[in-house]
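Undergrad: Mind folding the following:
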Amino acid sequence: MSDYQNQDVYFITDDETSHNDLQEALETIADQAGSLEEALSWNIEVHKKRTFTHSDFVGAYGILEHIFESGYSEGGEYAEDYLVDIQSNKEKLEEFGKLISDFLDKNAEQPRFWQSAGLLETITPTIEMYAQFGIKFDFGGENS
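TA: Numbers count the residues shown, from 1 in each chain. Below is the predicted model:
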């Protein structure tokens, strides 16, 4: 098992549950397992985390297109070249996109969601791993 302490990874214990650290993943398994044997039969997938920033979702052209359509609905054919000078200029589009991204960076929390950038490894927990984190089992009142 690799040391993931300083890497941007997450751990999956089942189809719906992800964890930010290995201890949390092991604790979840320990809480859900009905026996030590079951706890040792789970697999934990370790995925590289791909995080996002506002700039991943800012589409300057799309925003300008929306503004153009609003103008066109008011001005009709007279608005046909409204914003064309920006939409057709790559540098101006990039500047506009950066302006919006910078505003969001200063005024809004960054996205807190992520997706997998690839499976790094699958871990099968061992008794030693649970012990390393001080995780004890309580099956019917007996600690293991």
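Undergrad: quick one, what contacts the residue most central in space within the chain?
TA: Taking C-alpha atoms, centre = their mean, the centroid of the chain lies closest to W114, which sits 0.7 Å from it. By C-beta atoms under 8 Å, 6 or more residues apart in numbering, the contact list for W114 reads Y10, K49, R50, T51, F52. Where you see a C-beta, it was placed from the backbone N, CA and C, and this is true even at glycine.
Undergrad: just H19 next, same as before
TA: For H19, the contacting residues are Y10, F11, I12, T13, A25, T28, by C-beta under 8 Å, 6+ apart.
Undergrad: again, but for D8
TA: K48, K49, T51.
Undergrad: One more pass at 10 Å, please.
TA: By C-beta atoms under 10 Å, 6 or more residues apart in numbering, D8 lies in contact with N20, H47, K48, K49, R50, T51, W114, A117.
Undergrad: and of the contacts of W114, the nearest to Q32?
TA: The nearest member of the contacts of W114 to Q32, counting by C-beta to C-beta, is Y10 at 18.1 Å.
Undergrad: Next, count neighbours for the closest one.
TA: By other C-beta atoms under 10 Å, 19 other residues sit near Y10.
Undergrad: Pull up the per-residue confidence for it.
TA: pLDDT recorded at Y10 is 88.
Undergrad: and it, what does it touch?
TA: Contact analysis of Y10 by C-beta under 10 Å, 6+ apart lists 4, 18-21, 24-25, 45-49, 114-116.
Undergrad: can you rerun that using 7 Å?
TA: The contact partners of Y10, taken as C-beta atoms under 7 Å, 6 or more residues apart in numbering, are S18, H19, N20, H47, K49.
Undergrad: And the next helix or strand past the biggest helix by length in the chain?
TA: Longest helix of the chain, by residue count under DSSP state H: helix 90-107. Sequence order places strand 114-123 as the next helix or strand after helix 90-107, per DSSP states H and E.
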